[in-house]
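**Q** whatever this is, show me its structure:
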Amino acid sequence: MERCEKPVICVLHGISLGLAMDIACCADIRICASNTRFAVKEVDIGLAADIGTLARLPKVVGSASWVKDVCMSARDFSAQEALAVGLVSQVHEDKARALAAALAMGKALAEKSPVAVQGTKELLNYGRDHGTQESLRYTKVWNSVALQAGDVPSALMSSLQRKKPTFEKL
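**A** Purely as a prediction, here's the structure:
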């Protein structure tokens, strides 16, 4: 999922632990229901989490202390705590509303320039794993290629005409 060129939106609900946490950490955007209970429980069975949570979760939330807290204690945490630390970007009343929000977000992203959305995902992932100067250089190269597509002129003309742009598929 992390390498998928398209944005990946993950909806979490109920009990989300183990593989659910591994998958969620790979997703680009995470949305959950308010009753979602999260945990990284592997230490309770004598293991370190082994399918990516330990490598990705610190980068997702940006707090080593919090990550060590939940991963070493195996304690449950709520949707509200997940929102507070940045694990999820939205919390909705229930599963149905969380899913509806994810579908609406997917529809909105699909209306954007696919060149820009794909490029943004690529550059954000690159920036997460590289230094600022390397990332700026990569962005310059990426955008010089992206300018060859017709999306920028199409977006500018649509803006001037006060209409919604239509972008070609990749």
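
**Q** ranking helices and strands of the protein by mean pLDDT, which lands last?
**A** Ranked by mean pLDDT, DSSP states H and E, the weakest helix or strand in the chain is helix 151-160, scoring a mean of 80.

**Q** buried sites along it?
**A** Asp151, Ala155 (16 or more other Cβ atoms under 10 Å). The way it works is simple: take the backbone N, C-alpha and C, and place the C-beta from them, glycine included.

**Q** now swap in stretch 42-56 and tell me
**A** Taking 16+ other Cβ under 10 Å as the criterion, stretch 42-56 shows Glu42, Ala49, Gly52, Thr53, Leu54, Arg56 as buried.

**Q** just checking, what packs against the host helix or strand of Gln133?
**A** Assessed by DSSP states H and E, Gln133 sits inside helix 132-146. Judged by 3 or more Cβ pairs under 8 Å, 6 or more residues apart in numbering; DSSP states H and E, the packing partners of helix 132-146 are helix 114-129.

**Q** keeping just the C-alphas, turn the helix it packs on into PDB.
**A** Coordinates of each C-alpha in helix 114-129 appear next as PDB, following Å, rounded to 0.1, in the frame of the first residue of the first chain:
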ATOM      1  CA  PRO A 114      -3.700  12.700 -10.900                       C
ATOM      2  CA  VAL A 115      -0.200  13.900 -11.700                       C
ATOM      3  CA  ALA A 116      -0.300  16.300  -8.700                       C
ATOM      4  CA  VAL A 117      -1.900  13.800  -6.300                       C
ATOM      5  CA  GLN A 118       0.500  11.000  -7.300                       C
ATOM      6  CA  GLY A 119       3.400  13.400  -7.100                       C
ATOM      7  CA  THR A 120       2.400  14.700  -3.700                       C
ATOM      8  CA  LYS A 121       2.300  11.200  -2.300                       C
ATOM      9  CA  GLU A 122       5.600  10.300  -3.800                       C
ATOM     10  CA  LEU A 123       7.300  13.500  -2.600                       C
ATOM     11  CA  LEU A 124       5.800  13.300   0.900                       C
ATOM     12  CA  ASN A 125       7.000   9.700   1.300                       C
ATOM     13  CA  TYR A 126      10.400  10.600  -0.100                       C
ATOM     14  CA  GLY A 127      10.700  13.600   2.300                       C
ATOM     15  CA  ARG A 128       9.800  11.400   5.200                       C
ATOM     16  CA  ASP A 129      12.800   9.100   4.500                       C
END
